[in-house]
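**Student:** Got a predicted model here, sequence first, then my questions.
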Amino acid sequence: MAKNDYQVTGMTCGHCEMSIREEVGQIPGVEDVQVSAQTGKLTVTGSDAVDDARVLAAVEEAGYSAVRAA
């Protein structure tokens, strides 16, 4: 299992969380998506390493911006 954390900007509500969860959840290999509008944190868990570029593109597709958390 690989787990990556990201910081997302622009989320304000549960609908924002749902939009990101749906987009990121479509990436092959992603098994779990945890997202919080309150903290701006996105955690993606996959069976293997998930490509950061794909996650960031999916977040952008949902209408938000993200960076990999340190």
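**Tutor:** Arrived safely, thanks for sending. All figures in this text were calculated on a predicted structure; none of them were measured in a lab. Numbering: from 1, shown residues only.
**Student:** following the longest helix anywhere in the chain, which helix or strand comes up?
**Tutor:** When the chain is parsed with DSSP state H, its longest helix is helix 14-25. Scanning forward in sequence from helix 14-25 by DSSP states H and E, the next helix or strand is strand 30-36.
**Student:** how about that next one: buried residues?
**Tutor:** Within strand 30-36, the residues that count as buried by 16 or more other CB atoms under 10 Å are 30, 33, 35. Heads up, the C-betas are built off the backbone N, CA and C, glycines and all.
**Student:** got it, and stretch 62-70?
**Tutor:** For stretch 62-70, a neighbour-count test (16+ other CB under 10 Å) marks 62, 64, 66 as buried.
**Student:** Sort out for me which of those are in strands.
**Tutor:** Among the buried residues of stretch 62-70, the members falling in strands are Ala66 (criterion: DSSP state E).
**Student:** what's the closest of the buried residues of stretch 62-70 to Asp5?
**Tutor:** Ala66 (10.1 Å; CB to CB).
**Student:** can you state the direction angle for the longest helix of the chain and strand 30-36?
**Tutor:** 160 degrees (axes from the mean of the first three to the mean of the last three CA atoms, to 10 degrees).
**Student:** Please name every helix or strand in contact with helix 14-25.
**Tutor:** Using 3 or more CB pairs under 8 Å, 6 or more residues apart in numbering; DSSP states H and E as the contact criterion, the elements in contact with helix 14-25 are strand 30-36, strand 41-46, helix 52-61.
**Student:** if we go to 7 Å?
**Tutor:** Applying 3 or more CB pairs under 7 Å, 6 or more residues apart in numbering; DSSP states H and E, one finds that helix 14-25 makes contact with strand 30-36, helix 52-61.
**Student:** right, and those - which one's nearest Tyr6?
**Tutor:** helix 52-61 (6.5 Å).
**Student:** And for Glu61, nearest residue in space, chain neighbours not counted?
**Tutor:** Spatially, and ignoring its direct neighbours in sequence, Glu61 is nearest to Glu23 (5.1 Å; CB to CB, 6 or more residues apart in numbering).
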